[in-house]
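[1] after the sequence you'll find the predicted model.
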Amino acid sequence: MRTTALKLTAAAIGALWAGQAFAATCHNTGSYERWLDAFKKEAIAQGISAKVIADASPQMTFDPAIVKRDHGQSVFQQTFIQFSDRMTGGGRIPNGQAKIKQHAALFAKIEAQYGVPAPVLVAFWGLESDFGANFGNYKILSAIATLAYDCRRPEFFRTQLFDALRIIERGDQRVEDMVGDWAGEFGGLQFTASDYLKNAVDFDGDGRRDLIKSIPDTMASGANFLVSLGWQRGQPWLQEVLVPKEMPWDQADLTIQLPVSQWAAWGVKAAHGSLAAADLPASMILPMGRTGPAFLVYPNFKAFLGWNSAYVYSTTVAYYATRIAGAPALNRSGAASIVPLTAQQMTDLQRALIKQGYEGVGEVDGKFGAGTRAAVKKAQMKVGLPADSYPTVELLDKLGVSRAPAAPKP
Ligand code: CA
C-alpha cells in the first residue's frame, strides 16, 4: 500500500502524519468513452495485445462511487497509541505468530534467500489484508480506470492501468480475479499494479506470479519488494526505547541519523533487551512527543517508509513486527498526560505557522505531516519549548493562537 493510493488506513493516519495534501476537488468534463478509446490506442502502441484489451474492456468501466471515495476521505484524529492499538489489536499479534508457525518452512526459505525475517512479512500481511482474509471487493480495472480518468492523480493511475493490463498479458492474473481495494491495490500485500509488475516473484514454481491466491508467491514478493527498498539482511529495523528526562530533543528527527553509541551517551536505553550495535546509525521517533512512546529506527526502517511513506503507518507496521517477534507491549507510563491537538487546533496551528513565516507547512489541511512537523520543531526552538516536533496547546499559546472563538450569532 502506498500513500499515492490512500485508503482508509492511510487516511486514518493522515490526520496526524501523512505528508500528502489533497488537491482541491476537480472534475473531468471530457467524455469517459473518448478518454478510454484514446487510452486503448496508446496501450496497443505500448505493446499490450488487442486480446487483453478486449478481455479487460467489460471491466474498464467508470465508477462514480470510486471518485466519491477518493475525493471524500475524511480526516480522523488518532494518536499513535490509538492507531497502533487498533492495528495490532484484535488478536493480530498471536494470529501473526500462528501464521509463522503454520508456514515455517516457507518463511525459512524466504529468509535464506532474501534476508527478510518472517515477522516483518507477516506484519505487512496482517495490516494490509488481515492475512489474506480481506482483499477488498472492488474491480481493480474499473477502480484504476476511473482514477486515471479523474483529474486528481491521472498520471499515477494511468501508469497503474497500463501495468494492470501487463499483469494480465503476462498471464499472472485473469481479468475476473482482479479484485481488491477501491484505490487499485490488491492481493495479500495490497500491492499496486506497478509494484506487482515490478516486484512479484513466482516462488511456488507454477510459472505464474500470483499475489492473490499463492501465499508463497505473496510472501516472497513482499521480501523481494523490501530488498528493492533497501532491506539489509541481519539488521534490526525498530526498537522501543526509554528516554531520559532531558536530552537534545531536536535530534529526535527522522532526517537525523546518529550512531547508537550517541543515543546511549544521552541516556537512551532499550525498553527491553539491549540496544543495537554501537556504530549502527539510528534515528529517534517520538510519535507523541518526548513523554510518549519512543523508538530508535535503524537503516532497515527506510524499507518500511518506501512501502508506505505515511510514517505513523510505517512505525506501526515496524512496531507490530517487533511484537510478533516477541517484544513486550508498549511502555505507556508517560502517555496519559499527553493532550493531542484537535483538528481545529491543528488547522489554527498551521495558519499561525504560515503567518509567522515558518516554511514547509504547505496547505492548511489539519494534517500533521512532515512539513508541519518540521515547522513545529523550528517554532519550538524559537519560543524556547523542548523541540520534540510534537505540537501542544502550550505551543499554540506561545505562538499567540487564541482559543477558538464562539460561533457568530445568526
Ligand atoms: Ca506461482
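    Alright, I've got the coordinates. Numbering: from 1, shown residues only.

[2] C-alpha from now on. contacts and neighbour counts both.
    OK.

[3] ok, how many other residues are close to residue 177?
    Counted with other C-alpha atoms under 10 Å, the neighbours of residue 177 add up to 14.

[4] which bits of this protein sit near the ion?
    Neighbours of the ion within the chain, by C-alpha under 5 Å from the ion: 202, 204, 206, 208-209.

[5] 8 Å instead?
    For the chain, the residues found near the ion under the criterion C-alpha under 8 Å from the ion are 201-210, 214, 216-217.

[6] which residues of the protein score low on pLDDT?
    Flagging of the chain using pLDDT under 70 yields the residue ranges 1-28, 73-77, 403-410.

[7] from the ion, how far off is the spatially closest residue to residue 305 that is not a sequence neighbour?
    Nearest non-adjacent residue to residue 305, counting by C-alpha to C-alpha, 6 or more residues apart in numbering: residue 314, 5.7 Å away. The gap separating residue 314 from the ion is 28 Å, by C-alpha to the ion, to the nearest Å.

[8] same question, residue 305
    27 Å.

[9] what about that residue, neighbour count?
    Residue 305 has 18 neighbours, counted by other C-alpha under 10 Å.

[10] ok, back up a step: need the residues of the chain next to the ion in TSV (columns: neighbour count and secondary structure).
    Shown next, in TSV, are the residues of the chain next to the ion (neighbours: other C-alpha atoms under 10 Å; DSSP: H, G, I helix; E, B strand; the rest coil):
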residue	neighbour count	secondary structure
201	24	coil
202	18	coil
203	21	coil
204	16	coil
205	10	coil
206	10	coil
207	11	coil
208	17	coil
209	26	coil
210	25	coil
214	17	coil
216	22	helix
217	23	helix
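
[11] about what we covered before: remind me which helix or strand the residue nearest to residue 305 belongs to.
    Using DSSP states H and E, residue 314 falls within helix 311-324.

[12] name the helices or strands packed onto that helix?
    Using 3 or more C-alpha pairs under 8 Å, 6 or more residues apart in numbering; DSSP states H and E, the elements in contact with helix 311-324 are helix 8-14, helix 80-88, helix 92-102, helix 118-129, strand 238-242, helix 301-307.

[13] and among those, the most buried is which?
    helix 118-129 (a mean of 25; mean count of other C-alpha atoms under 10 Å).

[14] after that helix, heading C-terminal, what element do we hit next?
    Immediately after helix 118-129, counting by DSSP H and E, sits strand 138-139.

[15] hmm, who's touching that next one?
    By C-alpha atoms under 8 Å, 6 or more residues apart in numbering, the residues outside strand 138-139 that reach it are 59, 178-182.

[16] so of the residues you listed, which ones are in strands?
    When DSSP state E defines the strands, the subset of the contacts of strand 138-139 inside them is 179-180.

[17] what subset of the contacts of strand 138-139 is buried?
    With burial judged by 16 or more other C-alpha atoms under 10 Å, the buried subset of the contacts of strand 138-139 is 59, 178-182.

[18] which one of those is nearest to residue 244?
    residue 181 (43.0 Å; C-alpha to C-alpha).

[19] what about the spatially closest residue to residue 359 that is not a sequence neighbour, distance to residue 233?
    The shortest distance from residue 359 to any non-neighbouring residue, by C-alpha to C-alpha, 6+ apart, is to residue 375 (6.4 Å). The gap separating residue 375 from residue 233 is 35 Å, by C-alpha to C-alpha, to the nearest Å.

[20] those two - which one has more neighbours?
    Just comparing residue 375 and residue 233: by other C-alpha under 10 Å the higher neighbour count belongs to residue 375, 21 against 15.
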